[in-house]
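Q: no FASTA, just this:
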């Protein structure tokens with residue numbers, strides 16, 4: 001082989017080896033990055049663990065009204081914990097009376113439920129959930145109401161309604177409700193979808209019926225974040241929503257309402 005060809009061949013070999021080494025370093029970087037989105041890396045980071053980074057998968061399902069499904073928002077342990085706290089204290093659910101602003105029983109809502117106490121709000125697991133809600137909703141934790149845990153049994157439902165207030169009584173403490181985080185605590189339920197009749201342009205399933213609008217199936221650990229107020233700061237009528245009839249099993253959920261100002 002001529003000396004010139006040897007030099008060219010040597011350079012090509014050197015460049016090729018360099019490219020291979022560079023590619024290996026790039027792959028190693030990508031593997032490390034992918035691993036950080038898996039769980040082993042985050043176990044060393046308390047903040048990431050609280051926020052369940054790498055687990056929570058947001059999915060925007062509607063812009064008007066604004067609705068985001070947060071898959072894997074809660075762990076199985078957190079779901080079990082909330083159900084265990086609530087079960088001994090469940091009472092017939094109420095709705096807000098538009099005239100007095102107080103809770104009254106109604107055939108509009110047939111579930112049972114309870115609110116966590118201010119003391120329970122300080123429990124480490126509850127604080128972790130509240131911080132996660134605040135980060136993903138971008139609403140300060142102190143603007144949130146106490147978490148409400150609900151159980152819907154067979155044939156129970158919540159007819160379509162708005163979460164924002166139509167009375168002045170409830171606006172005195174914290175202002176208007178601007179957003180809702182609805183978290184599912186159980187699986188093995190038939191029906192019980194969260195239904196938005198004014199969202200989407202197609203059909204969906206609601207308690208075994210096909211209806212117009214958009215619905216979200218209750219899956220343990222998932223959460224639905226939706227806004228009751230639009231970007232213009234006004235109450236959004238299209239945020240109308242309801243809980244479809246449960247056909248079989250039990251539907252457990254936890255709700256966190258966020259206000260314009262601090263509630264404490």
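A: Structure's in. What do you need? From a predicted model like this one, the values you see are computed outputs, not experimental measurements.
Q: Am I right that residue 44 sits in a strand?
A: No. Judged by DSSP: H, G, I helix; E, B strand; the rest coil, residue 44 forms no part of a strand; its state is coil.
Q: Confirm for me that residue 110 is in contact with residue 93.
A: Yes. Between residue 110 and residue 93 there is a contact under Cβ atoms under 8 Å: 7.4 Å. In short, each C-beta sits where N, CA and C put it, glycine included.
Q: Excluding residues flanking it in the chain, which one is nearest the spatially most central residue of the chain?
A: Centrality entry for the chain: nearest residue to the mean C-alpha point is residue 223, 2.7 Å, by Cα atoms, centre = their mean. Nearest in space to residue 223, with sequence neighbours left out and distances taken as Cβ to Cβ, 6 or more residues apart in numbering, is residue 73 at 3.8 Å.
Q: So what's the residue count around the one you found?
A: 25 (other Cβ atoms under 10 Å).
Q: try residue 158
A: Neighbour tally, residue 158, other Cβ under 10 Å: 22.
Q: just to revisit the earlier point, quick check: pLDDT value at the residue nearest to the centre of the chain.
A: Each residue has a pLDDT score; the one for residue 223 is 98.
Q: List the contacts of it.
A: 69, 70, 73, 74, 181, 182, 183, 184 (Cβ atoms under 8 Å, 6 or more residues apart in numbering).
Q: Can you tell me which of those residues end up in strands?
A: By the criterion of DSSP state E, membership of the contacts of residue 223 in strands covers 69, 70, 181, 182, 183, 184.
Q: can I get those in a markdown table with neighbour count, distance to residue 166 and pLDDT?
A: Below are those laid out as a markdown table (neighbours: other Cβ atoms under 10 Å; distance: Cβ to Cβ, whole Å; pLDDT from 0 to 100):
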| residue | neighbour count | distance to residue 166 | pLDDT |
| --- | --- | --- | --- |
| 69 | 20 | 27 | 98 |
| 70 | 23 | 28 | 98 |
| 181 | 26 | 21 | 98 |
| 182 | 21 | 20 | 98 |
| 183 | 27 | 25 | 98 |
| 184 | 24 | 27 | 98 |
